[in-house]
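A.B. asks: Sequence first, predicted coordinates after that:
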Amino acid sequence: MRSETREFSSEGDLVSGEELPEPRPAGSEGSARGWRRFLGNKWVLRAIFYGAVLAVWQATAVIKGEFFLPTIPQTIRGFGEIFTQGYAGTLLVTLRQLVVGFVIALVIAIPVGVLMGRFRFVEDILAPYVNTLFVTPKQALLPVIIVAVGVGFWYRTWVVVLFAVFFPIMNTAAGVRYVDKELRETARAFGTGPWRMFTRIYLPASAPFLVAGIRLGFGMAMKGMVIAELWVFAGTGNLLESFSRSPLRLDLYYPLVLLILAVAVFVNEALKWAERKLRPAARAAGQV
């Protein structure tokens, strides 16, 4: 028989030649999971990220000075001054032009997109022009608009239309084009009229595409709004230009830019939410 040699410590504990793993503290795994859940929360991550951005902002402003970047307290005071000195009224006028131009863009884009997606001959006629204008730098066309309508309200409105119209056209056409063929044939077999086909099949199926196009188009509309006013030194564009010139007022420039960004982010998030909500209706209408 093989004999085993065992060693015992003075307290009577068994001592082996192998190193025993260190026992984990009670609750350590649960604590790690809790931290992972905490850091996996998107709002926590956003708070950490934006907190880091604000810290870097403040540190940069202190190091570089107010002629490069205003401090956070100066920026907050700038927000108050924008609303007390009447600058917010100028921004509201600019946003009104944005809304009018964007609505006109959608009134043009949605029917054109539906026709391009539904009828091949319409796409063959319009697609070359839509694609060409889409890739053309829009700033190159601004002098043409100025010659046509001047530099007033309608100039800025049509610039917004020019920037905003293409994404809704292309996305709407894509949504209508990919409606399930069997679903369309079944609807026609039951005598479904054109209007009912549009409201009950094409529109629900293409709704996520349409909302995505509206979201992208709104971003371009914001860009067009600012560029149009910077070109003719009017409205909010004139304020941005004057705040960035002598006398330098970056404590007003940055709050105004942040207000414009806040409008864009709010509308974009609202449209993303609508896009998510409309996906089930698209699947029910036969959209892949």
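C.D. replies: Cool, got the structure. Note that the structure is a prediction, hence the values are computed from the model and not measured.
A.B. asks: in what helix or strand does the closest residue to residue 233 other than its chain neighbours lie?
C.D. replies: Using C-beta to C-beta, 6 or more residues apart in numbering and skipping the chain neighbours, the partner closest in space to residue 233 is residue 241 (5.9 Å). Quick note: C-beta positions are derived from backbone N, CA and C, even for glycine. Per DSSP states H and E, residue 241 falls inside helix 235-243.
A.B. asks: buried sites along that helix?
C.D. replies: Residues of helix 235-243 classed as buried under the neighbour-count rule (16 or more other C-beta atoms under 10 Å) are 235, 236, 237, 239, 240, 243.
A.B. asks: Need the residues you listed in TSV (columns: distance to residue 87 and pLDDT).
C.D. replies: Formatted as TSV, the buried residues of helix 235-243 follow (distance: C-beta to C-beta, whole Å; pLDDT from 0 to 100):
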residue	distance to residue 87	pLDDT
235	11	81
236	9	83
237	13	83
239	6	86
240	11	85
243	9	83
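A.B. asks: Now distance to residue 147 too, for these, in a markdown table please.
C.D. replies: Formatted as a markdown table, the buried residues of helix 235-243 follow (distance: C-beta to C-beta, whole Å):
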| residue | distance to residue 147 |
| --- | --- |
| 235 | 20 |
| 236 | 23 |
| 237 | 19 |
| 239 | 26 |
| 240 | 25 |
| 243 | 29 |
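A.B. asks: Which one of those residues is nearest to residue 229?
C.D. replies: Proximity of the buried residues of helix 235-243 to residue 229 (C-beta to C-beta) peaks at residue 237, which lies at 2.6 Å.
A.B. asks: so who does the nearest residue to the closest one once chain neighbours are set aside touch?
C.D. replies: Excluding the flanking residues, the one nearest residue 237 by C-beta to C-beta, 6+ apart is residue 229, at 2.6 Å. Neighbouring residues of residue 229 by C-beta atoms under 8 Å, 6 or more residues apart in numbering: 94, 156, 235, 236, 237, 238.
A.B. asks: What helix or strand is residue 229 located in?
C.D. replies: helix 203-232.
A.B. asks: so that helix versus helix 235-243, what angle?
C.D. replies: 40 degrees (axes from the mean of the first three to the mean of the last three C-alpha atoms, to 10 degrees).
A.B. asks: and helix 203-232, which residues are buried?
C.D. replies: 203-229, 231-232.
A.B. asks: Centre of the chain to that helix, how far?
C.D. replies: 10 Å (C-alpha atoms, centre = their mean, to the nearest Å).
A.B. asks: again, but for stretch 162-182
C.D. replies: 19 Å.
A.B. asks: What would that stretch look like as CSV? C-alpha coordinates only.
C.D. replies: Extracted in CSV, the C-alpha atoms of stretch 162-182 (Å, rounded to 0.1, in the frame of the first residue of the first chain):
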residue,chain,number,x,y,z
LEU,A,162,-32.8,73.6,-50.8
PHE,A,163,-30.9,72.1,-48.0
ALA,A,164,-33.7,70.0,-46.5
VAL,A,165,-35.6,68.5,-49.4
PHE,A,166,-33.4,65.7,-50.6
PHE,A,167,-33.2,63.3,-47.7
PRO,A,168,-37.0,63.1,-47.3
ILE,A,169,-37.4,62.5,-51.1
MET,A,170,-34.9,59.7,-51.2
ASN,A,171,-36.0,58.0,-48.0
THR,A,172,-39.7,58.2,-48.9
ALA,A,173,-39.0,56.7,-52.3
ALA,A,174,-36.9,53.9,-50.7
GLY,A,175,-39.7,53.1,-48.2
VAL,A,176,-42.4,52.9,-50.9
ARG,A,177,-40.2,50.9,-53.2
TYR,A,178,-39.7,48.1,-50.7
VAL,A,179,-43.3,47.5,-49.8
ASP,A,180,-44.0,43.8,-50.1
LYS,A,181,-45.1,43.0,-53.7
GLU,A,182,-47.5,40.2,-52.6
